[in-house]
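Trainee: Following is a predicted model, sequence given first.
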Amino acid sequence: MEILRAAVKTVKQRHPFHIDAFVVLPDHLHAIWTLPSDDADFSIRWMLIKSGFSRRIVMNERRNASRISKGERGIWQRRYWEHLILDENDFEQHVDYIHYNPVKHGYIHRASEWPYFKAFTVYQGWRNHK
């Protein structure tokens, strides 16, 4: 987790964004971010987080020629799904979804048991931090 935190912190310094909610599971993660109004580039942020994390870990993995030529590591999927939050209800539904995700996948019985979930703006009003 510390390696992931460090990668996120580094990217936030170069390409600012606000983390509204974040959950990390053994094989994937979910995040809700608010980006600056003049910079909606999600992809550069994810790319830099993934590459920063991958450079910080030692891996003895086999990589095929395609992954080597693209500088990819096996721990990250190549794509991500982006959704523009439409309103406060949509925001709350997505926070609930990621909060419940560890339960959905059978890791825990109650969402409150998962130590790798953090919500920063939740239920204080949508995008109160702006």
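Mentor: All right, it came through fine. Computed from a predicted model, the values in this text were never measured in an experiment.
Trainee: Measure how buried Asn101 is and give me the count.
Mentor: Number of residues near Asn101 (other Cβ atoms under 10 Å) recorded here: 19. Every residue, glycine included, has its C-beta placed from N, CA and C.
Trainee: got it, and His30?
Mentor: The burial count for His30: 18, using other Cβ under 10 Å.
Trainee: packing partners for the longest helix along the chain?
Mentor: If you go by DSSP state H, the chain has its longest helix at helix 88-104. Helix 88-104 sits against strand 18-24, strand 29-34, strand 117-119, with contacts defined as 3 or more Cβ pairs under 8 Å, 6 or more residues apart in numbering; DSSP states H and E.
Trainee: What's opposite the residue nearest the centre of the chain in the beta bridge?
Mentor: Compute the mean C-alpha point of the chain, and by Cα atoms, centre = their mean the closest residue is Ala31, 3.9 Å away. Beta bridges link Ala31 to Phe22, judged by DSSP bridges.
Trainee: just checking, it touches Ala21?
Mentor: Yes. With contact defined as Cβ atoms under 8 Å, Ala31 counts as touching Ala21 (7.0 Å).
Trainee: Are there residues contacting both of these two? Which ones?
Mentor: Residues touching both Ala31 and Ala21 (Cβ atoms under 8 Å, 6 or more residues apart in numbering) are Ile98.
Trainee: The helix or strand of the chain with the lowest mean pLDDT - contacts with which helices or strands?
Mentor: None of the helices or strands of the chain scores lower by mean pLDDT, DSSP states H and E than helix 65-70, at a mean of 72. In terms of contacts (3+ Cβ pairs under 8 Å, 6+ apart), helix 65-70 is not packed against any helix or strand.
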